[in-house]
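# Sequence and computational prediction follow.
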Amino acid sequence: MSKTCESKEKPIVIALAGNPNVGKSTIFNSLTGMRQHTGNWAGKTVSNAEGFCKNGKTVYKFVDLPGTYSLLAHSAEEAVARDFICFEKPDAVIVVCDATCLVRNMNLVLQCIEISQKVIICVNMLDEAKRKNISVDLKGLSEKTGVPVIGAVGRDKHGTKKLLNAIENALCKNYNPISIKYDDAAEEAIKILEPALCGKNTGMNNRWLSLRLIDMDESLKESIKEHAAFDIAGDTEILQAVITAKNCIGDKSDLNDKIVSALLKCAEDICADTVYFDKNAYDISDRKIDRVLTSRIFGYPAMLLLLALIFWLTISLSNYPSALLSGLFFSSSDKLRQLLGIIGINEVIQDMLINGAFRVLAWVVSVMLPPMAIFFPLFTLLEDSGYLPRIAYNLDKPFKCCNACGKQALTMAMGFGCNAAAVTGCRIIDSPRERLIAIITNSFVPCNGRFPALIAMITMFFVSGLPFGSVFSALLLTAVILLSVLMTFFASWILSKTVLRGVASSFTLELPPYRMPQIKEVIVRSVLDRTLFVLARAAVVAAPAGVIIWLLANININGQSLLVGFAALLEPFGRLLGLDGAIAAAFILGLPANEIVIPIMLMIYLSKGSLIQYESLGQLKTLLLANGWSVKTAVCFCLFSLMHWPCSTALMTIKKETGSLKWPAVSILLPFLTGTAACVVFNLICIIF
């Protein structure tokens, strides 16, 4: 009898597996609502999500596995999904499939069936299939695979109740799932290995494990040793059986081909009798759009125009809420001071907390939150619509020329929102070498913390007085971003030729069908998972940084503050870069958050003890001109802002992702040297000519 029938106390664990872009997370959200949390898999840098759902008296715990095309474990995501199904022993596995491309999805379904006896197929996106004139015989699919099949439209929560009932039935019934038939050599190898595994308490399907032992990868070997407490290397009987089985197969690479071929043939046979569509009309609209968006002629201009549109919306829509938040925070300083006085806090401590920690934190929030709250939803809309994979497709060739991975295009695009979030996103790159290249070079694209400064410089020195200023600002900013992308290519090439030598690996990139984004889910996901997460991490370092900056600005030696003295010390270096000591000091002290670079610079110029809030860009320009600024200074400022070290939040994320202090150090050094060289060269050209 199943656990469902025995007990109502312990949650029933259900794993959700599926290819990327099949709506797996939508199904997960429709089942669990907001009763979910995220974290990291033990020992892995792959995030997980868990949620709970109640059907009658039964409580289910759903585990959203990383999206993967296979369980052959070529990446961290595949290894995590495989290990959870193999060793955590979920009570059932739901494999979510896209009804519009069922053949491709069946590969993962068949692999899950080989491992687990309790598999349920959820055919999602039936509405999109209907629009494409695709029909799926769900009953026939169930008969062919031998497991329950449920149709669903995840975004409308259609099929959720049927899915829960199917889980209930699956746990109380025994099914006879399909068995994959391999070629004679592979089947002979299985016959040799299966008897050797009997009685060894491997905790896995011995037929599946037999094939995996022949091309045993280190990750599976370690997982078996850790989870099953079974050391394959120490069992002579199994090792001898493996040697004999390998002789039947021949080359190990042949076995992978045999496995993939058998799975694909089985998937095609199943779908041939259960999926019906007009081959001539299938995805014709998507192909028409792709002829434009992925063409050699229009692909890159389309990307640039879309990027300019996103920047224009971000610039235009973030000004008012940013000014509103800034006014709200800075106007509350006096009330906060009164509160601290009532509590009995010393006046010096009050000044340090308010003019130091609070003002820096307020500045970071007011400058950072509005652009992020606009950019991340726009970015997620592109992701949801299916356009982001097209960007990776377009940029795959340039990245391959740099011996990097085309998937780096996706993480680079994410870096425009936040470099720290993009570093985490580099997990999608399978090759460790190429993942490091993507992590290290991500700071070459400016995050939204650098956008306000770049926009301010462009507006004050290049488009001031022009009609349609916001449009010209967006176009100039797009040109600046294009330069940052070119520098990303250059830096990736440098790394691939020096400390991270290697050849670009190949990868399979799915171009999912274009879809109408789910606006509500996009807003919730982008605000909760990205905007607030990044803002919280920035706030953690901003407040302590504010205290340090306040101390430097208020501790005087011989009538001069440490902050002004530090700027004077950096004056020769700043002049070499076409800047000055105050700007150089501001960039260094702005390490905790890029948003505070300009306020620190103003503190030095005015010899103030706290962050300065300028009322308008006209007032700021007047102040900068009075301190020796020119168009050349603005250009050098933009160049160095584009190419300098990541903020402390990004550096902490790099340390966490790489597990080493070496790569954060490289991430500081490479952009710093590149930015310094660019500014020095431009400065010398201006001096000469």
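It's in.
# Would you mind listing the residues in contact with the spatially most central residue of the chain?
By CA atoms, centre = their mean, the chain has its centre lying nearest to Gly425, at 2.5 Å. Neighbouring residues of Gly425 by CB atoms under 8 Å, 6 or more residues apart in numbering: 410-411, 414. Bear in mind the C-beta positions are built from the backbone N, C-alpha and C, glycine included.
# Please repeat the previous calculation with a cut-off of 10 Å.
Contacts for Gly425 were tallied using CB atoms under 10 Å, 6 or more residues apart in numbering; they are 407-408, 410-415, 418, 438-439, 442.
# Need the pLDDT of it.
pLDDT recorded at Gly425 is 81.
# got the contacts of Gly425 as CSV, with neighbour count and secondary structure columns?
Formatted as CSV, these follow (neighbours: other CB atoms under 10 Å; DSSP: H, G, I helix; E, B strand; the rest coil):
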residue, neighbour count, secondary structure
Lys407, 24, coil
Gln408, 30, helix
Leu410, 23, helix
Thr411, 26, helix
Met412, 26, helix
Ala413, 23, helix
Met414, 25, helix
Gly415, 28, helix
Cys418, 30, coil
Ala438, 30, helix
Ile439, 29, helix
Asn442, 30, helix
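# C-terminal to the strand ranked longest in the chain, what's the next element?
In the chain, assigned by DSSP state E, the strand with the most residues is strand 47-55. Downstream of strand 47-55, the first helix or strand assigned by DSSP states H and E is strand 58-64.
# quick one: that next one to strand 47-55, angle?
Strand 58-64 and strand 47-55 are oriented at 160 degrees to each other (axes from the mean of the first three to the mean of the last three CA atoms, to 10 degrees).
# So for the longest helix seen in the chain, what gets flagged as buried?
Identified as the longest helix of the chain according to DSSP state H is helix 299-331. Taking 16 or more other CB atoms under 10 Å as the neighbour-count basis, helix 299-331 is seen to contain the buried residues 299, 302-304, 306-308, 310-312, 314-315, 317-318, 322, 325-326, 329-330.
# can you give me the strands for the chain?
12-18, 36-40, 47-55, 58-64, 92-98, 119-124, 135-136, 149-151, 275-276, 556-557, 560-561.
# now what about the last one, what contacts it?
Which is strand 560-561. Applying CB under 10 Å, 6+ apart, the external contacts of strand 560-561 come out as 551-555, 567-568, 603-604, 607-609.
# I'd like to know how many residues surround the residue lying closest to Leu436 once chain neighbours are set aside.
Using CB to CB, 6 or more residues apart in numbering and skipping residues adjacent in sequence, the residue nearest Leu436 is Leu500, 5.8 Å away. For Leu500, the count of nearby residues is 20 (other CB atoms under 10 Å).
# Just the pLDDT at Leu500, thanks.
87.
# How much space separates it from Leu486?
Distance, Leu500 to Leu486, using CB to CB, to the nearest Å: 19 Å.
# what do you get for Ile297?
On the measure of CB to CB, Ile297 and Leu486 end up 20 Å apart.
# Same drill for those two, tell me which one is more crowded.
In terms of neighbours (other CB under 10 Å), Leu486 is the more surrounded of Ile297 and Leu486; the figures are 12 against 8.
# Pro398 is in contact with the more buried one, correct?
Yes: judged on CB atoms under 10 Å, Leu486 makes contact with Pro398 at a distance of 9.2 Å.
# which residue sits closest to Arg435, ignoring its sequence neighbours?
Using CB to CB, 6+ apart, the nearest residue to Arg435 is Ile429, at 4.3 Å.
# what number of residues lie near that neighbour?
Residues near Ile429, counting by other CB under 10 Å: 25.
# What pLDDT does the model give it?
So Ile429 comes in at 81 (pLDDT).
# Quick check: the gap between it and Leu410.
Taken as CB to CB, the span from Ile429 to Leu410 is 9 Å.
# about what we covered before: which residues are in contact with the residue nearest to Leu436?
Neighbours of Leu500 in contact, by CB under 10 Å, 6+ apart: 403-404, 432-437, 440, 492, 494, 663, 666.
# Output the below-cut-off pLDDT ranges for the stretch 451-600 of the chain.
Applying pLDDT under 70 to the stretch 451-600 of the chain picks out residues 465-466, 468-470, 503-510, 521, 525-526, 528-530, 533-534, 537-538.
# In it, what residue spans correspond to helices?
If DSSP state H, counting those that start in this stretch is used as the criterion, the helices of the stretch 451-600 of the chain fall at 451-461, 469-497, 519-525, 532-554, 562-569, 571-576, 581-589, 597-606.
# between the ones you listed, which one is nearest to Glu78?
Taking CB to CB, helix 519-525 is the member of those nearest to Glu78, at 23.6 Å.
# returning to what we had before: the longest helix of the chain vs helix 469-497, what angle?
Using the same axes, to 10 degrees: helix 299-331 against helix 469-497 is 110 degrees.
# Make 540 the first number, not 1, from now on.
In the new numbering, first residue 540, that becomes helix 838-870.
# pLDDT averaged over helix 838-870, what's the number?
Mean predicted confidence for helix 838-870 is 82.
# what do you get for stretch 797-816?
According to the model, stretch 797-816 has a mean pLDDT of 86.
# ok now that stretch, how far from the chain's centre?
32 Å (CA atoms, centre = their mean, to the nearest Å).
# What residues sit buried inside that stretch?
For stretch 797-816, the neighbour count (16+ other CB under 10 Å) marks 797-798, 801-802, 805-806, 809-810, 813-814, 816 as buried.
# Check stretch 1114-1128 too.
Residues 1116-1126, 1128 are the ones in stretch 1114-1128 that count as buried (16+ other CB under 10 Å).
# Of the helices of the stretch 990-1139 of the chain, which is nearest Thr1192?
helix 1071-1093 (8.0 Å).
# now that closest one against helix 1101-1108, angle please.
90 degrees.
# Give me the packing partners of helix 1071-1093, helices and strands only.
For helix 1071-1093, the helices and strands in contact under the criterion 3 or more CB pairs under 10 Å, 6 or more residues apart in numbering; DSSP states H and E are helix 886-890, helix 898-924, helix 958-964, strand 1099-1100, helix 1101-1108, helix 1120-1128, helix 1136-1145, helix 1187-1197.
# how about JSON lines for the ones you listed, with distance to Asp622 added?
As requested, those are exported to JSON lines (distance: least, CB to CB, whole Å):
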{"stretch": "helix 886-890", "distance to Asp622": "51"}
{"stretch": "helix 898-924", "distance to Asp622": "27"}
{"stretch": "helix 958-964", "distance to Asp622": "21"}
{"stretch": "strand 1099-1100", "distance to Asp622": "56"}
{"stretch": "helix 1101-1108", "distance to Asp622": "51"}
{"stretch": "helix 1120-1128", "distance to Asp622": "44"}
{"stretch": "helix 1136-1145", "distance to Asp622": "44"}
{"stretch": "helix 1187-1197", "distance to Asp622": "20"}
